[in-house]
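Q: Give the three-dimensional model of this entry:
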Amino acid sequence: MRVLVDTSAYYALADRADIKHEAAKRAVRQLLDEGWELWTTSYVVLEAAALVQSRLGMRHLRLLREALTESTAVVWVDSALHEAAWDELERLGRRGVSLVDCSLAVAAQRHGIADILAFDPDFELWGLRLLG
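A: I've put the predicted structure just below:
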């Protein structure tokens, strides 16, 4: 089984002071122990890297890179996925949902993924089951 992972989960894992840090650690450990495959998009990698680097520094960025490399399959956002994510963002027509979020929603649809590790309830807009 596959689960998408959002920036909110990666950031919580990286920041020990984050209120969701322990919950994120437990969730990832449980998912991996149960044999789930962690998936994300290249847009999430970019967003998470930018947040971790600016807020926590290079040491934490290296740790994030190691964690991603070891445990996560990355769906690279190509032009078709990018355009579909833009279309979805425009269809929703609201603040609070980002192009990054839409890239995850489109990737979920394209790859038959129904679950997401995230601390952002907006993913329920697409019928994704929140595991965070």
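Q: Check which helices and strands the helix or strand hosting Leu64 is in contact with.
A: Per DSSP states H and E, Leu64 falls inside helix 58-71. Packing partners of helix 58-71 (3 or more CB pairs under 8 Å, 6 or more residues apart in numbering; DSSP states H and E): helix 7-14, helix 42-56. Using the backbone N, CA and C atoms, a C-beta is placed for each residue, glycine as well.
Q: quick one, which of the ones you listed is nearest to Gln30?
A: Smallest distance to Gln30 across the helices and strands packed on helix 58-71 (CB to CB): 12.7 Å, for helix 7-14.
Q: between the closest one and helix 58-71, what angle do the directions make?
A: Helix 7-14 and helix 58-71 are oriented at 110 degrees to each other (axes from the mean of the first three to the mean of the last three CA atoms, to 10 degrees).
Q: Can I get helix 7-14 in CSV? Just the C-alpha atoms.
A: Taking C-alpha atoms only, helix 7-14 is exported to CSV below (Å, rounded to 0.1, in the frame of the first residue of the first chain):
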residue,chain,number,x,y,z
THR,A,7,5.2,19.0,3.6
SER,A,8,3.5,19.4,7.0
ALA,A,9,4.6,15.9,8.0
TYR,A,10,8.1,16.3,6.7
TYR,A,11,8.5,19.6,8.6
ALA,A,12,7.1,18.1,11.8
LEU,A,13,9.6,15.3,11.5
ALA,A,14,12.5,17.7,11.1
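Q: any idea of the angle that helix forms with helix 42-56?
A: Following the same axes, to 10 degrees, one obtains 40 degrees for the angle between helix 7-14 and helix 42-56.
Q: How far does the helix or strand of the chain with the lowest mean pLDDT sit from its chain's centre?
A: Least confident element among the helices and strands of the chain, by mean pLDDT, DSSP states H and E: helix 58-71 (a mean of 91). Counting by CA atoms, centre = their mean, to the nearest Å, helix 58-71 is centred 14 Å from the centre of its parent chain.
Q: Flag every buried residue along it.
A: His60, Leu61, Leu64, Leu68 (16 or more other CB atoms under 10 Å).
Q: re the thing from before, right, and the helix or strand after the helix holding Leu64?
A: strand 72-75.
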